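S.K.: this is a predicted model, with the sequence first.
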Amino acid sequence: MRETAERQFADELAALARVDDRERPPRWRLSPWAVVTYLMGGSLKDGTVITPKYVGNKRLIEIAVATLATDRALLLLGVPGTAKSWVSEHLAAAISGDSTLMVQGTAGTPEEAIRYGWNYASLLAKGPSREALVPSPVMRGMAEGKIVRVEELTRVPSDVQDTLITILSEKTLPIPELNAEARAVKGFNVIATANDRDKGVNELSSALKRRFNTVVLPVPESMEEEVGIVEQRVAQLGRALEIPAEKPAIEEIRRVVTVFRELREGRTNDGKSKLKSPSGTLSTAEAISVVTSGMALAAHFGDGRLRAGDVASGMIGAIVKDPVQDRIVLHEYLETVVKERDGWKDLYRACKDVL
Amino acid sequence: MPDDVAILGVRHHGPGSARLVRRALDALRPSVVLVEGPPEAVDLLGLAAHADMQPPVALLVYDPESPSDAAFYPFASFSPEWVAVRWALAANATVRFIDAPRSARADDDSPAPDAPRPRIDPLEAMAEAAGFSDGEAWWSKLIEERRGDGEPLAVFDAIREVMAALRADSTLPRDADEDVREAFMRRGIRAAIKEGHERIAVVCGAWHGPALTAAARKERSAKADDEVIASRKAVGTARRKMAATWIPWTYGRLASESGYGAGITSPGWYEHLWTSGDRVSERWLAKVARLMREEDLDASPASVIESVRMADTLASLRGRALATLEDLSDATLSTLCHGDDAPMRVIERGLVIGERLGAVPSDAPTVPLQRDLAALQKSLRMKVSADSAVLDLDQRKENDLARSHLLHRLLVLGIEWGKLRPSETRSAGTFRETWTLQWTPELAVRVIEAARWGNTVADAAAARARDRIRTATSLDALAELLRHVLFADLPDVVEPLVRRINDVAAVGADISSLMDAIPVLAQIARYGNVRKTDAELVEPILHGLCVRLCAGLRAACVSLDDDAARAMRRRLDAVHGALATLDRADVREMWHATLPQVGDDAIHGLVAARAWRLLLDADAISADEVAIRLSRALSRGNDPAAASAWIEGLLAGSGAVLVHDDRLLSIVDAWVTGLSTEAFEAIVPVARRTFATFEQPERRMIGERLRRSLPVAGGGAPLDESLDPERVALVHPILRLIFGEPRS
């Protein structure tokens, strides 16, 4: 369904490698400068145009690349929809030429996913041996000197998280069963992504935190940027899900994004009054899902046009995560902002109906 | 003749420039150093070498007749001008300020005293064009990194050439005073030459460099310069005698964000650059780690090592040989702070800007604020004495009102000359104030410190209040400040303060502080202030606060202990009273609709009962409803403590009301008389707790009221017709004696 980053952008990576005459850290495919260029986009001496993979502050990408170049592990923090996984995949593709060494973190991620497992048939037949050992992506990355990605690190149980400590500080992985250890080759490193604002996360231990350099990826800076992202993603999703609705009016998207941004930032867009922020994250990803579910509602139960009523319930569901505090926040917001704003009467009424 | 005057064009407050100036002076060893600075202050230059002089300090040049006409010239230890002055004093060279005197400057109507010279920094502009985050980064890239290439004068020549090119570009904005100032500077140089000095050094802003060279001096003759100066003097206001003094300055005020025109973004970082000779990154990050540990944040030496490596890698990735503040901050953020912004703000405040306060020797001349205060003390006939004295003020008298304003303003400035007696603290309705006055030597220091806020007591108090508005984060502090500001009569500050209260209230979920703020705001809305606009400004904000209060009141009233409930009851009273004085029916309706929410059984009795009571007072509910609530709350199965809290909430502090309010009295009375004997006995101890708090006369009056309004039936049992009146008359006196009824 979807190509890996290193295949999709193979031309750009090759072009960068051609013009890149700067010093490369051991086993890096590109120099740090070229990696930053790959992520941020630009045009090369030979005329090749590199498309931007990350829209936002260049400083953040510089910090991320410098971190990996100093042999420190990188932790990308941010709410959903801030392109954490996207950035980590492209970093791995540009540095190691391979973005497939990946551990997906869930509440059920076992230690074996980070260390190694056993092929039990072989284990029973031959006893503990190298052949019976099934290496994890981390172990493979260590052997090949490549970047390993750990997605959603904070979802992983704390004791499993901490198995990373030895790997990151000693760059070795002991195998007591064989009385041996796997040593990392230069070029090995870890990029973890995590979401620190959601509920149901396992806070990283201080010991583990100290082994990472942290880069916080912010939500889109400007209103226009965010509206653009939502519109683009909604259009893609709408096609994929085959929702028979009209393309949603840009005004309705703008309104949803405005509400999300205002509550997230704790002030109105004109900067005139301050607001309380709800406990939820109100990420761009959630705004996208509010608009898509509104479109589905409009298509199947309405006249096919996205209206205030279709987005209201989705929006309230995204905002009110804590039934007491968030309800106060929303109530205040509706009364002090939405009610007064020109042309927002329908949204006000729709929200009041749902509440 | 052409080469004996060295023009050292600098970046104001640039440590790189300062270092270069020092090396140039060491190489030149001039006999006279001419500095771009106010000539009025030339007599004060000697104090710069004083042992007690600790930068940051500022030269204050002001008109003694009207102190608000003043200009500040700040110096930090890393300012090239400061370095030049100190060098000259140490080398026994003559040092002079050669800028135009303030009286010849056109910007007499300059907006704020702390924005003396709004100039463009051309080096900053060039750094930006070259893609650097600040001028110092660019400077250090171009000049500092070539340290050891000898000849600092060659660098200054190069800077002058760059500036000459920039000056040729007529699109750049010019300072209106530029001509006349450069005429003065040239005149200063000519005077020094005429005196026979052979080696002359001029330290001035890089921009002026090309206008001061021998070539420029030739092109613009002494006569032409004299004409420019003369014409300005004719246009300008009559020549005034200006006074000057040194005052302590702070890095915060040196930072450009505080409005100072030639300000810099990071005084603390510059000082670091100036004082640490080598290993700049390592020393800086060690400072960062120490500050973090002082703030109880985790900062291990291992992390410091990692951040140094990180900063160096970032610098090389960004094509720099040395790490700049930007690289160091990025490294600190990702390594030491784990991506968290909050500790970064601590570092920003504590290190990047720095919290240093300068000091000046005690023999420096006095500041305008001192003079203004002395003048006020004289005109208001207030004696300055080291002994404690009591001052009674009647605010209806004009003189006393002015005295009260002065004392309150001084309090805003942190000059605690007078202390308000707590017992007589002024409430909204009274006009008396009692102060204890005592002058201590430390107060003189406070006055000097406060001088940086303004030159008159009123200006300074307003500026200080504005600063506190910016820094205060809690609603309590702001409401308290608002009270001070009202008493200190600082009308200009009210508006920003009220707006800030609105902003803080919007995010602060603390309902109790909201409730504390509402009465103060209502007072402004009701009585206004000097200006009528205050009320218009406050009303919408007050409305917003009430909306927030009503949205969150119930949540704030759940699970209160006794003390918290007592405080909440008082707040309910205060808010209710405040809203009742407002002419806003919509707000009142909202409030009345909210009160029943806190009246149910889940809420502490004190609060719940008070809510019903307030509604009853406002005629918003019927007496019957309150009666039902009362008997429900006091029904037998209930916890006696809770029941007593309910009575207290309903009646506390209102013994007198019970005397005069028929409805309330009849509710309570109906309830008591409706109780069965056992129930009454059970309730007596509880009821007593409340009634015991009433004053003795109040209790007696309640008793008398009850007897009068409820004639014979007061006894309970109806008269028995079968009794023989004569025989009753026989025992009547004894009964009277027993029941204590007065003889009729």
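M.R.: It's in. Numbering: from 1, shown residues only, chains lettered A, B, ... in the order given.
S.K.: got the residues of chain B near chain A?
M.R.: Residues of chain B found near chain A (C-beta under 8 Å from any C-beta of the partner chain) are B:298, B:300, B:302-303, B:306, B:309-310, B:313-314, B:317-318, B:326, B:330-331, B:333-335, B:337-341, B:502-504, B:506-507, B:509, B:544, B:547-548, B:551-552, B:555. In this view, the C-beta of every residue, glycine as well, is placed from N, C-alpha and C.
S.K.: those residues, buried ones only, as a ChimeraX selection?
M.R.: Selection of buried members from those for ChimeraX, criterion 16 or more other C-beta atoms under 10 Å in any protein chain shown:
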select /B:303,306,309,310,313,314,317,318,326,330,331,333,334,335,337,338,339,502,503,504,506,509,544,547,548,551,552,555
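S.K.: what's the first helix or strand after the helix or strand of chain A with the lowest mean pLDDT?
M.R.: The helix or strand of chain A with the poorest confidence is helix A:223-241; it has a mean of 75 (mean pLDDT, DSSP states H and E). Next helix or strand after helix A:223-241 toward the C-terminus (DSSP states H and E): helix A:250-265.
S.K.: does anything pack onto that following helix? Which helices or strands?
M.R.: In terms of contacts (3 or more C-beta pairs under 8 Å, 6 or more residues apart in numbering or on different chains; DSSP states H and E), helix A:250-265 is packed against helix A:223-241, helix A:284-301, helix A:308-319, helix A:325-333.
S.K.: domain-wise, how is chain B divided?
M.R.: With domains defined by automatic domain parsing, chain B comprises B:2-258, B:276-354, B:368-458.
S.K.: err, chain A, not the other one
M.R.: With automatic domain parsing as the reference, chain A has domains A:5-216, A:223-354.
S.K.: spell out which parts of the stretch 151-300 of chain A neighbour chain B.
M.R.: Residues of the stretch 151-300 of chain A lying near chain B (C-beta under 8 Å from any C-beta): A:206, A:209-210, A:212-216, A:266-267, A:273-277.
S.K.: ok, now which ones touch residue 243?
M.R.: Just going to use chain A. Counting by C-beta atoms under 8 Å, 6 or more residues apart in numbering or on different chains, A:I243 makes contact with A:292, A:295-296, A:299.
S.K.: wait, I meant chain B there
M.R.: Contacts for B:A243 (C-beta under 8 Å, 6+ apart) come out as B:40, B:61-64, B:365.
S.K.: list buried residues within these.
M.R.: For the contacts of B:A243, buried by 16+ other C-beta under 10 Å: B:40, B:61-63.
S.K.: for the stretch 1-150 of chain A, what spans make up the helices?
M.R.: Counting by DSSP state H, counting those that start in this stretch, the stretch 1-150 of chain A has helices at residues A:5-8, A:10-19, A:32-40, A:58-69, A:84-96, A:120-126, A:137-144.
S.K.: dihedrals phi and psi, B:H50?
M.R.: Phi and psi for B:H50, reported as degrees, to the nearest 10, are phi -60, psi 140.
S.K.: for chain B, which helix is longest?
M.R.: Within chain B, and with DSSP state H defining each element, the longest helix by residue count is helix B:533-557.
S.K.: that's a strand at A:I191, yeah?
M.R.: Yes. Counting by DSSP: H, G, I helix; E, B strand; the rest coil, one finds A:I191 located in a strand.
S.K.: what number of residues lie near it?
M.R.: 29 (other C-beta atoms under 10 Å in any protein chain shown).
S.K.: so it bridges to which residues?
M.R.: Under DSSP bridges, the beta-bridge partners of A:I191 are A:L74, A:R149.
S.K.: do you know the pLDDT at it?
M.R.: Here, the pLDDT recorded for A:I191 equals 96.
S.K.: contacting residues for it?
M.R.: A:I191 makes contacts with A:68, A:73-76, A:88, A:91-92, A:147-150, as judged by C-beta under 8 Å, 6+ apart.
S.K.: which among those gets closest to A:E335?
M.R.: A:L76 (37.9 Å; C-beta to C-beta).
S.K.: follow-up on the earlier one: what about the contacts of A:I243, which one has the most neighbours?
M.R.: A:M295 (27 neighbours).
S.K.: what helix or strand is the residue nearest to A:L334 when sequence neighbours are not counted located in?
M.R.: Residue nearest to A:L334 in three dimensions, not counting chain neighbours: A:C351, with 5.7 Å by C-beta to C-beta, 6 or more residues apart in numbering or on different chains. Assigned by DSSP H and E, A:C351 falls within helix A:345-354.
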